[in-house]
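*Asks:* Sequence first, predicted model second:
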Amino acid sequence: MSPPFSQVDANGRLRHLITLDGLGRDLLAELLDRADGCLRHTGPQPVPAPLAGWSVAHLFAEPSTRTRASFELAAVRLGAYALNLDVMLSSRAKGETVEDTLRTLESMQVDAFVIRDAEAGVLERAARQAAPEVSVVSGGEAHLSHPTQGLLDALTIRQCKGRFDDLVVSIAGDIRRSRVARSAHRALATLGATEIRIIAPPELMPDAGEFPGARRYESLDEGLTGADVVMMLRVQRERGGGAPAPGGDDYHRDWGLTAARLRRANRDAIVMHPGPMNRGVEIASDVADGPQSVIFRQVANGVAVRMAVLTHLAEARRARSR
Ligand code: CP
């Protein structure tokens, strides 16, 4: 049996970031504070370079726009070299294992790996085999975890609402296959959100026992009533594993966020979506572009959160080497 795995070092700081599970409120709040500070530096101007001399390798085995681009920009803006391997054109396509790919790049003095993979367990395996000062960061793992997305969602809510207590957060759509929903739930529960609702048709609802403490709704209208935050999710047909949900127009009729439906939420409710959006399916275009939408603010916060995580890892590494 493998020894227990910890992504936190003896000083209570991150050595890796694979999941938000098990991370305490103080650590999450520190990362959000740090990200707020990084927002001043998300433009092209160089910032003090805490990652000077680092090489950060991005290995994305699933499609991505936001996560990959923001990790790459974060690394570059912190002074690191960003190595962007096209996994589908790498030697993995010739049968090389993930472990051998990582070991190969580690031999070239990579300091951190950012990995997105459809297979559950790859991130922990990578972290277990990493050399002592190499960090592994999740860019999204199967349906399980997307920790930096959870952090950027929490940061956006904190900026817009100024608090987590006394907040009702409604997360709606394909919860069953959503790593975004799992990480948002974990972050918000840890940070003290008063009520988290998950809203989905039965075939897209997660198993009982998942999302502890969340209230479950099988009606979008009911689940939106009185919400302060509305987070819509895309139906992830490509991931398999769920019973077929109604498609296109039918889904929009029953499960799409329209302006009329949004009026059930509180008047100052914010509308979130991790992207990519399917306009006219889970969200109407006028809502996505409307005054309550903070969807592109989430994207901006993504760079800051990834800068915060990388800076934290670099400081933790320096502290361990003293
Ligand atoms: N939210 C998110 O993970 O988007 P990408 O798939 O574009 O990275």
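*Replies:* Everything's here; your move.

*Asks:* CA only for contacts and neighbour counts going forward, please
*Replies:* Noted.

*Asks:* Spatially central residue for this structure, please.
*Replies:* Here the mean C-alpha position of the chain is nearest to the C-alpha of Q149 (Cα atoms, centre = their mean), at a distance of 2.0 Å.

*Asks:* how close does that one get to the ligand?
*Replies:* As judged by Cα to the nearest ligand atom, to the nearest Å, Q149 and the ligand stand 7 Å apart.

*Asks:* Averaged pLDDT, the helix or strand where that residue lies. What do you get?
*Replies:* Under DSSP states H and E, the secondary-structure element containing Q149 is helix 147-161. Looking at helix 147-161 alone, the average pLDDT works out to 98.

*Asks:* List the contacts of R279.
*Replies:* 285, 288 (Cα atoms under 8 Å, 6 or more residues apart in numbering).

*Asks:* Kindly provide the distance from it to G290.
*Replies:* Counting by Cα to Cα, to the nearest Å, the gap between R279 and G290 amounts to 13 Å.

*Asks:* I'd assumed F5 was in contact with R128.
*Replies:* Yes: applying Cα atoms under 8 Å, one finds R128 in contact with F5, separated by 7.4 Å.

*Asks:* These two: who's more crowded?
*Replies:* A side-by-side neighbour count of R128 and F5, using other Cα atoms under 10 Å, places R128 first with 17 against 10.

*Asks:* Wasn't that one part of a helix?
*Replies:* Yes: R128 sits within a helix when classified using DSSP: H, G, I helix; E, B strand; the rest coil.

*Asks:* residues contacting it?
*Replies:* Neighbour list for R128: F5 [criterion: Cα under 8 Å, 6+ apart].

*Asks:* same question, F60
*Replies:* 68, 85-87, 114-117, 139.

*Asks:* returning to that earlier point: which element follows the helix holding Q149 toward the C-terminus?
*Replies:* Downstream of helix 147-161, the next assigned helix or strand under DSSP H and E is strand 168-172.

*Asks:* mind checking how far that following strand is from the chain centre?
*Replies:* 16 Å (Cα atoms, centre = their mean, to the nearest Å).

*Asks:* elements contacting the helix or strand just after that strand?
*Replies:* Reading on from strand 168-172 to the C-terminus, the next helix or strand found by DSSP H and E is helix 179-191. Other elements packing on helix 179-191 under the criterion 3 or more Cα pairs under 8 Å, 6 or more residues apart in numbering; DSSP states H and E are helix 25-38, helix 147-161, strand 195-199.

*Asks:* Could I have the CA atoms of helix 179-191 written out in CSV?
*Replies:* Only the C-alpha atoms of helix 179-191 are listed here, as CSV (Å, rounded to 0.1, in the frame of the first residue of the first chain):
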residue,chain,number,x,y,z
ARG,A,179,-15.0,19.2,-11.5
VAL,A,180,-15.8,23.0,-11.4
ALA,A,181,-18.8,22.3,-9.2
ARG,A,182,-16.8,20.0,-6.9
SER,A,183,-14.0,22.5,-6.4
ALA,A,184,-16.4,25.5,-6.1
HIS,A,185,-18.4,23.6,-3.5
ARG,A,186,-15.3,22.7,-1.6
ALA,A,187,-13.9,26.3,-1.6
LEU,A,188,-17.2,27.9,-0.7
ALA,A,189,-18.0,25.4,2.1
THR,A,190,-14.5,25.9,3.6
LEU,A,191,-14.8,29.7,3.4
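
*Asks:* So what angle separates the directions of that helix and strand 195-199?
*Replies:* Calculated by axes from the mean of the first three to the mean of the last three Cα atoms, to 10 degrees, helix 179-191 forms an angle of 160 degrees with strand 195-199.

*Asks:* so who does V169 touch?
*Replies:* Going by Cα under 8 Å, 6+ apart, V169 touches 193, 195-197, 227-231.

*Asks:* let's see it at 10 Å
*Replies:* Under the criterion of Cα atoms under 10 Å, 6 or more residues apart in numbering, the neighbours of V169 are 157, 184-185, 188, 193-198, 214, 223-224, 226-231, 269-270.

*Asks:* filter those down to the ones near the ligand?
*Replies:* On the criterion Cα under 6 Å from any ligand atom, none of the entries of the contacts of V169 sits beside the ligand.

*Asks:* Just the buried ones out of those residues, please.
*Replies:* In terms of neighbour count (16 or more other Cα atoms under 10 Å), the buried residues within the contacts of V169 are 157, 184-185, 188, 193, 195-198, 214, 223-224, 226-231, 269-270.

*Asks:* In PyMOL, how would I select just the buried ones from the contacts of F60?
*Replies:* Command for PyMOL that selects the buried part of the contacts of F60, burial taken from 16+ other Cα under 10 Å:
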select buried, resi 68+87+114+115+116+117+139
